[in-house]
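1. Pasting a predicted model and its sequence here:
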Amino acid sequence: MSFSLFSKFSRKPSSGITCLVVGLGNPGSKYAFTRHNAGFLALDMLCQKEKLTIKKSKFQALCGEWNVGDERALLMKPQTFMNNSGDSIREAAAYYKIAPGRIIVLVDDTALNPGIIRIRKGGSPGGHNGLKSIEAQLCTSDYPRVRIGVGAKPAAWDMIDWVLSVPNQKEKENLLTALEKCCAALPALVKDEYDAAMNLYNR
C-alpha cells in the first residue's frame, strides 16, 4: 500500500477518527514489563490517567478511543508481535483513511537514556524492527513517533536479550518519568501541535 493511497485523504473521515495513537510492544504477560513494551506501557498509563480502556479487538490490535478537543484518536496496541506491527497499523489507517502524518507511534529507544523522550515527525527506523515493519507497510517513514528512552545495551548483552529484559528498580523509576512525559505530550500531538510539544519535551 503506497503513500499516495493515503495522501488523498485530507478531510476527516466519516467515522470521526482523526488520528491513530499506536503503542508498540509484544502481547502476553511474558513481555509485559520489558523495555521493548514501553509503547504499551505508555498507553496503559494514559488509560489510567484519562480513565480509558483499550479492550476492543480490531485490526489485529486491542483498541480504544480518546477524545481530545475536536480530535478523536484511536488508541492501538498491536497484537501481531513487534516485528509485524505495521500489518495492524496499515489495516486501521486504510479503514479510517488516516494519512501517515496522523499516525503517532510510541516506541522504545535504546539510543536514549531512561527518563528521556524525543518527539519526531519522521525518521529512519534506526534498527528497530517494529518501525521497520511500519515503514514497509506504509511505504514511508514520514509518520510521527515518540521515542521513549530505555537505555543503551551493555557491551556484554545481546540486543534482543536487552530489550526483552525487565529494567532494574532505578531504571523503572526513570522509565516511569519518560512515560509521564509521553502522556503529557500526547494531547498536543493529537491536536497536531508538534512544534509546541517538541519545544517543551525535546530537551
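-> Sure, I can see it. Numbering: from 1, shown residues only.

2. Report the beta-bridge partner residues of the residue sitting nearest the centre point of the chain.
-> Residue closest to the mean C-alpha point of the chain, counted by CA atoms, centre = their mean, is Leu106 at 2.1 Å. When bridges are taken as DSSP bridges, the partners of Leu106 come out as Gly23, Val146.

3. who's in contact with the nearest residue to His128 once chain neighbours are set aside?
-> Spatial nearest neighbour of His128, excluding adjacent residues (CB to CB, 6 or more residues apart in numbering): Val107 at 6.4 Å. Glycine gets a C-beta too; all of them are placed from N, C-alpha and C. With contacts defined as CB atoms under 8 Å, 6 or more residues apart in numbering, Val107 is in contact with 24, 38-39, 128, 130-131, 145-148.

4. for Ser141, same thing?
-> 122-125, 131, 135.

5. Which neighbouring elements make contact with whatever helix or strand Ile89 lives in?
-> Counting by DSSP states H and E, the element that carries Ile89 is helix 85-96. Applying 3 or more CB pairs under 8 Å, 6 or more residues apart in numbering; DSSP states H and E, one finds that helix 85-96 contacts strand 19-23, strand 61-68, strand 71-78, strand 103-109, helix 129-138.

6. May I have the third one as CSV, with CA atoms only?
-> Read that as strand 71-78. Extracted in CSV, the C-alpha atoms of strand 71-78 (Å, rounded to 0.1, in the frame of the first residue of the first chain):
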residue,chain,number,x,y,z
GLU,A,71,-10.0,15.3,17.7
ARG,A,72,-10.9,11.6,18.2
ALA,A,73,-7.9,9.3,18.4
LEU,A,74,-8.0,5.5,18.0
LEU,A,75,-5.6,4.0,20.6
MET,A,76,-4.0,0.8,19.4
LYS,A,77,-1.8,-2.0,20.9
PRO,A,78,-1.0,-4.3,18.0
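
7. so Pro144 sits right up against Lys121, yeah?
-> Yes: Pro144 is within contact range of Lys121, at 5.1 Å (criterion: CB atoms under 8 Å).

8. who touches both of these two?
-> Between them, Pro144 and Lys121 share the contacting residues 101, 194, judged by CB under 8 Å, 6+ apart.

9. between these two, who's got more neighbours?
-> Pro144 (22 against 13; other CB atoms under 10 Å).

10. who's in contact with the more buried one?
-> Counted by CB under 8 Å, 6+ apart, Pro144 has contacts 101, 103-105, 119-122, 189, 194.

11. between those residues, which is closest to Gly69?
-> Lowest distance from Gly69 to the contacts of Pro144 (CB to CB) belongs to Leu189, with 12.2 Å.

12. Asp195 versus that closest one, what's the distance?
-> 11 Å (CB to CB, to the nearest Å).
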